[in-house]
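Participant: this one's structure only:
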C-alpha cells in the first residue's frame, strides 16, 4: 500500500513538474514574441549588445524582426564593425540573425545562425596561405 502511494506521488509530481516546464516555455515564447518588435526599434541597444559580445565598435542603421516557424529572426541593415578609419572595418549591407529559443540552456548559444548579404571580401595570399584581407590568418 505504501509503495503504491509512493509511485502515485512520484507520478503526480513528475506530471506537475512537466506541466510547469511547459507553461514556463510557452511564457518565454510569448514574451519573446512581444519583445521582438520593441527590440527591432532599438538599433542603438542592439549595436551596444553586439559590440560587447564582439568586443569591437558596432554601428547599425536599422533592424527588423519577424517570427518564423523555428523562432525569431532579426534582420540588421547597414551593420558596421570596427573603427571608421580602420582598415579592418567591415561593412555589412544586411545580416539575418536566427535566435535559438533554448539559448539559455547550458552548452547552447543564443545565435543559431547568421546569414550575411551584400558583403564584399578581398582574398589575399599571405605566408603561403589564403585569407580574407583585414582579418588574421586562421591557425593551422
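Facilitator: Received the coordinates, thanks. All figures in this text were calculated on a predicted structure; none of them were measured in a lab.
Participant: contacting residues for the most centrally placed residue in the chain?
Facilitator: Central residue of the chain (C-alpha atoms, centre = their mean): residue 111, 2.5 Å from the mean position. Listed by C-beta atoms under 8 Å, 6 or more residues apart in numbering, the contact partners of residue 111 are 97-100, 103. All C-beta spots, glycine's among them, are computed from the backbone N, C-alpha and C.
Participant: Also residue 67?
Facilitator: Contacts for residue 67 were tallied using C-beta under 8 Å, 6+ apart; they are 33, 36, 73.
Participant: one step back: now do the residue nearest to the centre of the chain against residue 84, distance only.
Facilitator: 25 Å (C-beta to C-beta, to the nearest Å).
Participant: now swap in residue 91 and tell me
Facilitator: Going from residue 91 to residue 84 by C-beta to C-beta gives 10 Å.
Participant: Of these two, give the one with the bigger neighbour count.
Facilitator: residue 91 (13 against 8; other C-beta atoms under 10 Å).
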